[in-house]
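J.: Provide a 3D model corresponding to the input given below.
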Amino acid sequence: MTYCFHVGICICLVLLQTTVMPYFHLFDRFYDLLSPFIIYLSLFHSLRQSIPVILFFGIVMDSLSGGPFGLYLTTYIWLFAGVRWIITFLHVGDSFLLPFIVAAGVLLQNCIFIGIIAMFKPGTQFLSVAISTVTIQVLWAIFTGPIFLMFFNYSHKRWNNWLKKVVVKEN
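T.: Numbers count the residues shown, from 1 in each chain. Below you'll find the predicted structure:
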């Protein structure tokens, strides 16, 4: 049943990112909304629970984007692996570190995007725009990332409590 929660949250994030946010100028340079969820999965869930969701929504985002196929899938896998590696050194219970973990994740995702764009379009003069966009996205991540992580964690606990009540009523 955890998969239902993960898929439901991801569908809501994809819909929000693709249908609502483009209509607000404030969110023109907002980071990928699935990034904090991938970070949440890597911080609080097992590999077995996380990988199917990451693979599925990596493919979904690749299908929706105009970029090369596999861009989001590769980025999500590296983001997941990077955060799993980082938490071997850091104590994730420290809420002071959460903004920086999310910001580092968004920075890693943007570095992968820029690297892939540079491979496919060599000689492109996009560095100043890319640096400006990445800076704004990292700042967004520092301030909103922990809110997303707390929301995901709170929602998951509420989902589990609701499921326990439903299962107990059926038995």
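J.: Just say helix, strand or coil for F69.
T.: Three-state assignment for F69 (DSSP: H, G, I helix; E, B strand; the rest coil): coil.
J.: dump the residue contacts of S95.
T.: Each residue near S95 by C-beta atoms under 8 Å, 6 or more residues apart in numbering is listed here: P146. C-beta here means a position set from N, CA and C on the backbone, and glycine is covered the same way.
J.: Okay, it and D62: tell me how far apart.
T.: Applying C-beta to C-beta, to the nearest Å, the value for S95 to D62 is 33 Å.
J.: One more: I77?
T.: Distance from I77 to D62, by C-beta to C-beta: 12 Å.
J.: same check, this time on Q17
T.: 14 Å.
J.: Could you do L90 as well?
T.: L90 sits 30 Å away from D62, going by C-beta to C-beta.
J.: Between those two, point out the one with more neighbours.
T.: Neighbours per residue, other C-beta atoms under 10 Å: of L90 and D62, the larger number sits with D62, 18 against 12.
J.: Could I have the CA atoms of the helix or strand hosting the more buried one written out in CSV?
T.: Using DSSP states H and E, D62 sits in helix 47-64. Only the C-alpha atoms of helix 47-64 are listed here, as CSV (Å, rounded to 0.1, in the frame of the first residue of the first chain):
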residue,chain,number,x,y,z
LEU,A,47,15.5,0.6,-1.8
ARG,A,48,12.8,-2.0,-2.5
GLN,A,49,10.0,0.7,-1.9
SER,A,50,11.8,3.4,-3.8
ILE,A,51,13.3,2.0,-7.0
PRO,A,52,10.0,1.0,-8.8
VAL,A,53,8.6,4.5,-8.1
ILE,A,54,11.8,6.2,-9.3
LEU,A,55,11.9,4.1,-12.5
PHE,A,56,8.3,4.6,-13.3
PHE,A,57,8.2,8.4,-12.8
GLY,A,58,11.6,8.8,-14.5
ILE,A,59,10.0,7.3,-17.6
VAL,A,60,6.8,9.4,-17.1
MET,A,61,8.9,12.6,-16.9
ASP,A,62,11.0,11.6,-19.9
SER,A,63,7.8,11.1,-21.9
LEU,A,64,6.4,14.5,-20.9
